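Q: need coordinates for the following:
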Amino acid sequence: MFNPFKDTSKNTNSKKTLLGVICVLAATFILTYFLPAEVENFGFFSTLPAIFLIVYIFMTQRIVESLVLASLMGVIMVSRPVTVGEGTWLGNIFSDFSDSLLETMMDEDIAWLIIVCGLMGSIISLIEKSGGAFAFGEWVAKRARTRKSSLIWTWILGIIIFIDDYLNSLTVGACMTPLTDRHKVPREFLAYVVDSTAAPLCVLIPISTWSVFCGRILEANDWAPAGEGLKYFIKTIPFNFYGWFAALIVPLVVLGVIPIVGPMKKAFKRVEEGGPLAPAGSEKIDIHAGEQMEIPENPSIWNMALPILVLVFSTLFMDMDMQAGVLITLAFMFVFYLAQGVVDAEEFIDVSLIGLKNMILPLILMVLAFLFANVSRQIHFTLYVIETATALVSPRFLPLAVFIALSITEFITGTNWGMYIIALPIVIPLAVATGANVTVAVAAVLSAGVFGSHICFYSDATVITSAATGCNNFDHATTQLPYGLMGAIASAICFLIAGFVM
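A: The predicted structure is shown next:
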């Protein structure tokens, strides 16, 4: 029976989405007949999945769906339709997609990410259960009595916890969210402050997981002699312009020297008019959503401070191995908390599992981002962008060209360390061959990785920060974008000047 009051909008939207997906995949299937025979010669065609991804995200704001479709497009381009005698083209496409997903899941970096981020979720949940986060919030609240001071304290804490960007975002976000909520700070702005003192700081500190990784990459590409990778990384620090600007712009915005602009201004207006602190849809990614913080008797700040100190120093002691540091910290917390009677053994496991569960959506987003990056690598997207951008530039303009080209590719692929692995073997020999300053060129690669990851909708930096601060990652990225672009423009000018001066 026809019901005139029945809402048919959902059904209509579903059909539109299905039709759109079919059209996109059918168009990609047809496109494969016009592609060059060799994948290495795809040229501009290699940019089509990336262009689709960005357009589709802005149109729908559905990031998971966008990443899956863009990855499927790339797989179709690589798989190519085959004759019936050799198998069905549909079977080949799904087989290749499955293989790419399996390859991504078996990647050492993904395994590391799942272990470290998953267990970091457990550490955060345990700290909250112990009352450590509450006690820390009360301690800071006595010293941060205004909105501005609470945000400056967030910035300072982000600078102090410099050893790793994941540790930084998860710890600072979890600890400062209750305090900034009291001062009616939009979650978008808190996420911006937290994100801007994570990766941007790690690329400026010689004692961080980033410095160790980058040092090894520099050695592997024969710019730094064996055992001197860290020494050569330190040479790039003065020229990692985006890291400097991203971190320094934050207090200028907090203090009002740089005004609140763009989507961020709308976020502040929403809160001032009595709206929610977090944008719509944030509960899906918020690692604290639906949880009620239980405050034990006499909560101690040491229940937060000591685990974080153990995590930092154990990571340093284990030669910057964050995974080992996380495992050591959990072992310490088990002994420390049970000795106090804060939790028993069963509660410890239960709370740890809750923390792992809270990280599922952020981890899925990051896995899909790595999957898309893997497919993009197969169609030589990053290689095409670098070669196109640098083919017509002189040595003086090389740092600027590298920064702009890789900022774009990193904004699209969202995997900073993965981009470093691809780009540095190209940029270092290119700088040597053209006579450009290699240190500045390497710094341009590192800065581009931070910038692209900083403002990407689905990068690990964006997703982890969004989860920790309880802010929808699309809204976090769009509100942060104007300030990221300010830092990028200033960095581009500096790389232009450095290209001539150095």
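Q: what is the distance between stretch 155-172 and the centre of its chain?
A: 14 Å (Cα atoms, centre = their mean, to the nearest Å).
Q: name the SS class of the closest residue in space to residue 301 that isn't next to it in sequence, please.
A: Nearest residue to residue 301 in three dimensions, chain neighbours excluded: residue 135, at 4.2 Å (Cβ to Cβ, 6 or more residues apart in numbering). Just so you know, the C-beta spots here come from the backbone N, C-alpha and C atoms, and that holds for glycine as well. Three-state call for residue 135 (DSSP: H, G, I helix; E, B strand; the rest coil): helix.
Q: show the pLDDT at residue 135.
A: Per-residue confidence (pLDDT) for residue 135: 84.
Q: next one: residue 292
A: pLDDT recorded at residue 292 is 57.
Q: and if you look at residue 163?
A: For residue 163, pLDDT reads 75.
Q: try residue 494
A: Residue 494 is given a pLDDT of 96.
Q: ok, it touching residue 241?
A: Yes: if you go by Cβ atoms under 8 Å, residue 494 and residue 241 touch, sitting 4.4 Å apart.
Q: so which of those two has more stuff around it?
A: residue 241 (27 against 22; other Cβ atoms under 10 Å).
Q: what about stretch 157-172, how long is it end to end?
A: For stretch 157-172, the first and last residues are 7 Å from each other (Cα to Cα, to the nearest Å).
Q: only the buried residues of it, if you could.
A: 157-158, 161-172 (16 or more other Cβ atoms under 10 Å).
Q: turn these into JSON lines, columns for secondary structure and distance to residue 444.
A: Output for the buried residues of stretch 157-172, formatted as JSON lines (DSSP: H, G, I helix; E, B strand; the rest coil; distance: Cβ to Cβ, whole Å):
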{"residue": "157", "secondary structure": "helix", "distance to residue 444": "29"}
{"residue": "158", "secondary structure": "helix", "distance to residue 444": "24"}
{"residue": "161", "secondary structure": "coil", "distance to residue 444": "27"}
{"residue": "162", "secondary structure": "coil", "distance to residue 444": "22"}
{"residue": "163", "secondary structure": "coil", "distance to residue 444": "25"}
{"residue": "164", "secondary structure": "coil", "distance to residue 444": "23"}
{"residue": "165", "secondary structure": "helix", "distance to residue 444": "20"}
{"residue": "166", "secondary structure": "helix", "distance to residue 444": "24"}
{"residue": "167", "secondary structure": "helix", "distance to residue 444": "26"}
{"residue": "168", "secondary structure": "helix", "distance to residue 444": "24"}
{"residue": "169", "secondary structure": "helix", "distance to residue 444": "24"}
{"residue": "170", "secondary structure": "helix", "distance to residue 444": "29"}
{"residue": "171", "secondary structure": "helix", "distance to residue 444": "30"}
{"residue": "172", "secondary structure": "helix", "distance to residue 444": "28"}
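Q: now for these: which two are most distant?
A: The span of the buried residues of stretch 157-172, defined through Cβ to Cβ, is set by 157 and 166 at 15.1 Å.
Q: re the thing from before, surely the residue nearest to residue 301 meets residue 299?
A: Yes: assessed by Cβ under 8 Å, residue 135 is found in contact with residue 299 at 4.2 Å.
Q: mind giving me the domain ranges of the protein?
A: 19-105, 108-217+225-233+243-361, 379-501 (automatic domain parsing).
Q: where does pLDDT dip in this protein?
A: 1-12, 81-91, 289-296, 392 (pLDDT under 70).
Q: what's the longest helix in it?
A: helix 473-501 (DSSP state H).
Q: just the helices in the stretch 351-500 of the chain please.
A: Under the criterion DSSP state H, counting those that start in this stretch, helices of the stretch 351-500 of the chain are mapped to 360-378, 381-390, 398-413, 416-434, 438-455, 460-469, 473-501.
Q: which one of those helices lies closest to residue 251?
A: The minimum distance between residue 251 and the helices of the stretch 351-500 of the chain falls on helix 473-501, with 11.9 Å, by Cβ to Cβ.
Q: got the buried residues for stretch 213-223?
A: Those would be 213, 214, 215, 217, 218, 219, 221, 223, for stretch 213-223 by 16+ other Cβ under 10 Å.
Q: mind putting those into JSON lines with secondary structure and distance to residue 18?
A: What follows is those, written out as JSON lines (three-state DSSP; distance: Cβ to Cβ, whole Å):
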{"residue": "213", "secondary structure": "helix", "distance to residue 18": "42"}
{"residue": "214", "secondary structure": "helix", "distance to residue 18": "44"}
{"residue": "215", "secondary structure": "helix", "distance to residue 18": "49"}
{"residue": "217", "secondary structure": "helix", "distance to residue 18": "43"}
{"residue": "218", "secondary structure": "helix", "distance to residue 18": "48"}
{"residue": "219", "secondary structure": "helix", "distance to residue 18": "50"}
{"residue": "221", "secondary structure": "coil", "distance to residue 18": "46"}
{"residue": "223", "secondary structure": "coil", "distance to residue 18": "50"}
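Q: and which of those is nearest residue 125?
A: Out of those, the member with the shortest distance to residue 125 (by Cβ to Cβ) is residue 213, at 27.4 Å.
Q: doesn't residue 417 make contact with the closest one?
A: Yes: using Cβ under 8 Å, residue 213 is in contact with residue 417, at 6.1 Å.
Q: could you measure from residue 468 over to residue 175?
A: Look at residue 468 and residue 175: by Cβ to Cβ, to the nearest Å, they are 9 Å apart.
Q: helices and strands around the stretch of helix or strand residue 125 belongs to, which ones?
A: Here residue 125 sits within helix 108-130, counting by DSSP states H and E. Using 3 or more Cβ pairs under 8 Å, 6 or more residues apart in numbering; DSSP states H and E, the elements in contact with helix 108-130 are helix 132-141, helix 165-182, helix 302-317, helix 322-340, helix 345-358, helix 360-378, helix 460-469.
Q: how far out from the middle of the chain is the last one?
A: Using Cα atoms, centre = their mean, the distance from the centre of helix 460-469 to the centre of the chain it belongs to is 7 Å.
Q: for residue 217, see how far away the nearest residue to residue 255 once chain neighbours are set aside is.
A: In space, and not counting its chain neighbours, residue 255 is closest to residue 148: 6.6 Å by Cβ to Cβ, 6+ apart. Residue 148 is 39 Å from residue 217, where distance means Cβ to Cβ.
Q: try residue 117
A: Taken as Cβ to Cβ, the span from residue 117 to residue 217 is 22 Å.
Q: how about residue 260?
A: Counting by Cβ to Cβ, the gap from residue 260 to residue 217 is 38 Å.
Q: give the contact list for the closest residue to residue 325 other than its chain neighbours.
A: Spatial nearest neighbour of residue 325, excluding adjacent residues (Cβ to Cβ, 6+ apart): residue 315 at 3.2 Å. Counting by Cβ atoms under 8 Å, 6 or more residues apart in numbering, residue 315 touches 163, 164, 209, 321, 322, 324, 325.
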